[in-house]
Structure formats: structure tokens, C-alpha cells
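Got a sequence here, can you build the structure:
(2 chains)
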2 protein chains.
Amino acid sequence: MNSTIDTILSHRSIRKFKSEPLKQAQLDIIIDAARASSTSSYLMAYTMIGVTDPDKKRALASISNQSYIEENGHFILFCGDYHRHMLYASDKEKAVMAQNVQSTEYFMIATVDATIAAQNMTIAAESLGIGVCYIGSIKRDLDLVNDLFDLPEHVVPLFGLALGYPDEQQEIKPKLPKDAVYFENSYKDDPSHKDVLAQFDQTIEAYYRTRSTNKRTDSWTNQMIKTLHNERNNRLTPYVKEKKFNNR
Amino acid sequence: MNSTIDTILSHRSIRKFKSEPLKQAQLDIIIDAARASSTSSYLMAYTMIGVTDPDKKRALASISNQSYIEENGHFILFCGDYHRHMLYASDKEKAVMAQNVQSTEYFMIATVDATIAAQNMTIAAESLGIGVCYIGSIKRDLDLVNDLFDLPEHVVPLFGLALGYPDEQQEIKPKLPKDAVYFENSYKDDPSHKDVLAQFDQTIEAYYRTRSTNKRTDSWTNQMIKTLHNERNNRLTPYVKEKKFNNR
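This is a model prediction of the structure:
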């Protein structure tokens, strides 16, 4: 064990921040941490947009219906990006590239690149005592996000990070046990997989029943059935395709 | 600065490992680090498959044409996974869920969840002196990967991590500067964006010219034009769709 692993194992999402902005030196270092990330084929197919404009933060908070997107120390939007890769290409080269990056594979690559950068930033921030929450719900109105940040073709917003000095104490939420998410040499699809989930249901039922705030009665397997009954946002798929991603 | 940030900023991909397997206690702790990751809607929509079977490692190395996929301390395949979420659903519920998870959004969520877990594992491993390399090239033959690990519907392989005790010294490869990947309040698509890339081309040309191994003459912008001229694997998109991802 060491302090890095302590930081990783101590992760909890923070959803209430002090109004103090992040110190510039800390912001610079967590941006450097994001930049230091692994990338596929050296593409670095992501862009970060820091949001300080109060009107834009308010608009994002309204999309997500979460006040902590407005009230925090900083907010960063993470996008998949193949725009800059074409800036020095000839028109003829650009036509081929613009076609290729619309594949499922390049969409995956941009998503993975952006996420590695975001998670580097998250751990660097948490190691400095900064709280972090991933914000997937900006995807509820991608047209508005697109307009707010003037995103060109080949740039698609993926998620945001709300960052700031924590103004709440959060318990660590239980995660699926090793036996549920780690197999050896083959996908393990036997009855024991179901048993492990049933055991986890007991863990999470006890957690929901006894945690300090928002007590409730629920199990993980039941929660997943409810969650995956949601169709989510019908506009996301066409938006992503219009931005020239995931078309092939 | 602290040791966590030092670890993150010191990242370099390792492609030559000692033959010694990872110590079990270290493997357990980096799996715990992966499990501790943030997740969208508590889905934890990923599965890790550790590969120790020498035949399976050899097959993966052959797909990727990289010996270090076979010769390392451990190899872990990361998959997007909505299989386990339906194990306790009724047939009627399962039919709705199976339809919903085929959206672009749920494909993104699984990719992001798996990547956050992988990057947690990467940083935890590197903090213990373990070298890591992301392996995207397993996607060159997803049908074979699918058969090797007996992946059910709603489980799709995304990438692997090769892990082990480093048997090489690597320089840190330059990454795009802050001005290229971090904007404030709006996507910055003015001539200065091109200037920043031209400056980075000088940095990377000097790096390729002077690094200790594999010296070459190339720039980043030129490399990207070549890379994105590759159409990649035509089989990937239909495979992903057959596994019931990214269909809607």
C-alpha cells in the first residue's frame, strides 16, 4: 500500500463544494496530469473545456438539474476530438480522414482517450484534497452543450467533471466484489455469478439502510433492472452521428 | 506536488517485461483499485478477464503481433458488460433492457466505465513499480477474442492491459501542450490552434530525432494524417453490433 493506492481506494463522488475556485497552480497540475495520459496511436483524441462563465455553468446545471455543476471550484467538459488532426491535411487528405474517423473504432478510441485523461485528472485532484464528480447528464441536451461551447464537426461532448474543495463528508459506496467483475481465462457465466450478485445485494441493501443520508430500501440487481428500463435520450444517437462520429 | 502526481506525470508505456508473474498481493490490490472507480448510474458496466493460460496469451500476442502480450507479468482484458445486469430480470424485463442497452449512450457508458477502471488499475500498478501498456490492437480479431474467452451477448472486448516488472527504460514521450487540448468557455478554433500544433511538431521532431531507440524523422501532424488514412478493421463495427451494442 502507498498513498496513491490510498487515494484511489478512498474515492467517493463529491456533490457539494465550497464556493472557492480551484487554485490556479492546482488547476495547472491536474491539467498536466490529464495530458500525461496514455493514448491510442498517439492520437490524443480529446479536448478539455474549462467552464468559468457563470451563464454557461448555469445552463449546464439546468441541463443536468444539479446545482453542484454551477456551485463548485471548477467545471471541465471532456470531448472526443478529431478536429485538430485534420488542420494540416490537404482537402484531399481531409476527405479520407473525415470518412475514416466516423467508424465505431475511432469513436471508441476517442472515448477511451478522453476517459483516461479524465481519470488521471480525477486521481491527481483527489490526491490534492479536491473533490470530483463525473457528470454524464450533460448528455441530456447535447445540442445546447454544442451551442454553448461552439463545438466544430468531429468534436463530441462525452461528460464533465465537477471539481472543488469538498463541503460534505461522503461514505465510500460499496462496489461489485472481485468475484463479480474479475474472471480468469474465460467469462464465468455459471450459477455462482448469480450467487455473487445476490450476496452483493445484501451488502448494498445494508448500505442503503444504514448510510447517514438518503436512506432507502433497494438492491443492486433491482436498481439495475429499473435503470436499464430507461430508454435515455433519443436525441443522443443522431447528434453523435451529425457530429461525424459513429456512422460506419 | 506529491507522489501520486509524480506517478501520473512519469507515465510511459512499457513494452518489455521480466518473465516474473505479478505478486498475488499486488494483483489483488490493483484489481481493488479498478473496482473502486467511479461509474455511471452505479452500472459498473465492465468486466476484467485475467489471462494466465499460455495458449490464450500466445493467441492474443499473435492477433496484436506484439511479443510483450505473451511475455509479461500478467495480462488483463477489459470488456464492456451488460450481461450481469439482466441475470435477475424476468424474461419480459430482460427484453426491454436488452433493447435499451443497444443505444449509443449505453455503449459510451460501458466504454467509459471500463476505461476508468483500467486507468485506476494503471496508476495503482505504476505506483508499485509495475509497468503497463494499453493494448488496443486486440480489436484486430474480435471474433477470435470472443471465442477465446467465451464472451456472452452484451459483453464486448475493448482493450487489454499488459502488466509486469519493467525490463526496459523508456523516455517520457511528449504530449500535446495545454494550449492544444485545454480551452476556456468555448472551443478555440482560430489560427493560434494551428500555431500551437506547429510548435508541437518541432518538439516531437526533436524527440524522434534524439531519443535513444527507434530514431526517426516525423512530425505529429504528419503522423496523424497517415494514421487517420487507415481504415482500421472493417469487422469491428458489425462485431460490436452482433454483440448487441451500439445498434440504436
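
is the lengthiest strand in chain A anywhere near chain B?
Ranked by residue count and defined by DSSP state E, the top strand of chain A is strand A:155-164. Yes - for strand A:155-164 and chain B, the contact criterion (CB under 8 Å from any CB of the partner chain) is met by A:155, A:158, A:159. All C-beta spots, glycine's among them, are computed from the backbone N, C-alpha and C.

Looking at those, which one is closest to residue A:246?
residue A:158 (12.1 Å; CB to CB).

What distance do you get for that closest one to residue A:240?
Applying CB to CB, to the nearest Å, the value for residue A:158 to residue A:240 is 10 Å.

Next: residue A:94.
On the measure of CB to CB, residue A:94 and residue A:240 end up 20 Å apart.

circling back: what packs against the longest strand of chain A?
For strand A:155-164, the packing partners by 3 or more CB pairs under 8 Å, 6 or more residues apart in numbering or on different chains; DSSP states H and E come out as strand A:74-81, helix A:104-127, strand A:131-135, helix A:142-149, helix B:104-127.

can you give me the helices in chain A?
All helices of chain A, identified by DSSP state H, fall at A:3-9, A:24-35, A:54-64, A:91-100, A:104-127, A:142-149, A:178-181, A:191-210, A:220-227, A:236-242.

got a markdown table for these, with mean pLDDT, distance to residue B:150 and mean neighbour count too?
Formatted as a markdown table, those follow (pLDDT from 0 to 100; distance: least, CB to CB, whole Å; neighbours: other CB atoms under 10 Å in any protein chain shown):
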| stretch | mean pLDDT | distance to residue B:150 | mean neighbour count |
| --- | --- | --- | --- |
| helix A:3-9 | 98 | 30 | 20 |
| helix A:24-35 | 98 | 36 | 19 |
| helix A:54-64 | 96 | 39 | 17 |
| helix A:91-100 | 97 | 32 | 15 |
| helix A:104-127 | 98 | 22 | 27 |
| helix A:142-149 | 98 | 37 | 18 |
| helix A:178-181 | 97 | 16 | 18 |
| helix A:191-210 | 95 | 13 | 14 |
| helix A:220-227 | 97 | 23 | 19 |
| helix A:236-242 | 97 | 30 | 18 |
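
most distant residue from the middle of chain A?
Of all residues in chain A, residue A:92 has its C-alpha farthest from the mean position, at 34.9 Å, by CA atoms, centre = their mean.

so how far is chain B from that residue?
In this view, residue A:92 and chain B are 11 Å apart by CB to the nearest CB, to the nearest Å.

Could you do residue A:75 as well?
For residue A:75, the distance to chain B equals 10 Å [CB to the nearest CB].

Go ahead and confirm that residue touches residue A:159.
No - using CB atoms under 8 Å, residue A:75 is not in contact with residue A:159; the gap is 11.3 Å.

backbone phi and psi for the nearest residue to residue A:44 once chain neighbours are set aside, please?
Setting aside the residues directly before and after it, residue A:44 is nearest to residue B:176 in space (CB to CB, 6 or more residues apart in numbering or on different chains), at 5.0 Å. When read as degrees, to the nearest 10, the backbone of residue B:176 gives phi -50, psi 140.

How many neighbouring residues does residue B:176 have?
21 (other CB atoms under 10 Å in any protein chain shown).

contacting residues around it?
Listed by CB atoms under 8 Å, 6 or more residues apart in numbering or on different chains, the contact set of residue B:176 reads A:35, A:44, B:197, B:200, B:220.

Likewise for residue A:79?
For residue A:79, the contact set (CB under 8 Å, 6+ apart) comprises A:46, A:47, A:48, A:49, A:114, A:151, A:155, A:156, A:157, A:158.

Residue A:133 is nearest to which of the helices of chain A?
With CB to CB as the criterion, residue A:133 lies closest to helix A:104-127 of the helices of chain A, at 9.4 Å.

related to what we said a few turns ago, most neighbours among the residues of strand A:155-164 next to chain B, which one?
Among the residues of strand A:155-164 next to chain B, the one with the most neighbours (other CB under 10 Å) is residue A:155, at 25 neighbours.

these two touch, right, that residue and residue A:47?
Yes - using CB under 8 Å, residue A:155 and residue A:47 qualify as a contacting pair, with a distance of 6.4 Å.

Give the residues shared as contacts by those two.
A:79, A:81, A:83, B:187.

got CSV for these, with pLDDT too?
CSV is the format used below for the shared contacts of residue A:155 and residue A:47 (pLDDT from 0 to 100):
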residue, pLDDT
A:79, 98
A:81, 98
A:83, 97
B:187, 97
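
tell me the domain ranges of chain A?
Following the assignment in automatic domain parsing, chain A carries domains at A:3-171+A:233-242, A:178-225.

Contact partners for residue A:153?
By CB under 8 Å, 6+ apart, the contact list for residue A:153 reads A:83, A:98, A:243, A:244.

filter those by proximity to chain B?
Near chain B, by the rule CB under 8 Å from any CB, you find residue A:83 out of the contacts of residue A:153.

Residue B:184 is in contact with residue A:52, correct?
Yes - between residue A:52 and residue B:184 there is a contact under CB under 8 Å: 6.3 Å.

and which of the residues of strand A:155-164 next to chain B is nearest to residue B:229?
Closest approach to residue B:229 among the residues of strand A:155-164 next to chain B (CB to CB): residue A:155, at 20.2 Å.

On the strand side of things, show who that closest one bridges to.
residue A:81 (DSSP bridges).

measure stretch A:4-17 end to end?
End-to-end span of stretch A:4-17 (CA to CA, to the nearest Å): 23 Å.

Tell me the gap between that stretch and the middle of its chain.
Relative to its chain's centre, stretch A:4-17 lies at 15 Å (CA atoms, centre = their mean, to the nearest Å).

hmm, it in reach of chain B?
Yes - applying CB under 8 Å from any CB, one finds stretch A:4-17 touching chain B at A:4, A:5, A:7, A:8, A:9, A:11, A:13.

List the beta-bridge partners for the closest residue to residue A:49 other than its chain neighbours.
Spatial nearest neighbour of residue A:49, excluding adjacent residues (CB to CB, 6+ apart): residue A:77 at 4.4 Å. For residue A:77, the beta-bridge partners under DSSP bridges are residue A:49, residue A:160.

sorry, back to before: so which of the helices of chain A gets nearest residue B:87?
helix A:191-210 (5.2 Å).

ok, is that closest one in contact with chain B or not?
Yes - among the residues of helix A:191-210, A:193, A:194, A:197 lie within reach of chain B under CB under 8 Å from any CB.

Hmm, residue A:114 and residue A:44 touching each other?
No - using CB under 8 Å, residue A:44 makes no contact with residue A:114, being 9.6 Å away.

show me what contacts residue A:198?
residue A:221.

And residue A:44, by the same measure?
Contacts for residue A:44 (CB under 8 Å, 6+ apart) come out as A:113, B:175, B:176, B:181.

what does the model give the residue nearest to residue A:49 for pLDDT?
We have a pLDDT of 98 for residue A:77.

Does residue A:229 touch residue B:93 like I think?
Yes - under the criterion of CB under 8 Å, residue A:229 makes contact with residue B:93 at 7.2 Å.

neighbours around the closest residue to residue A:227 other than its chain neighbours, how many?
Once flanking residues are discounted, residue A:227 sits nearest to residue B:41: 5.2 Å by CB to CB, 6+ apart. Using other CB under 10 Å, residue B:41 is surrounded by 18 other residues.

Sounds good, over and out.
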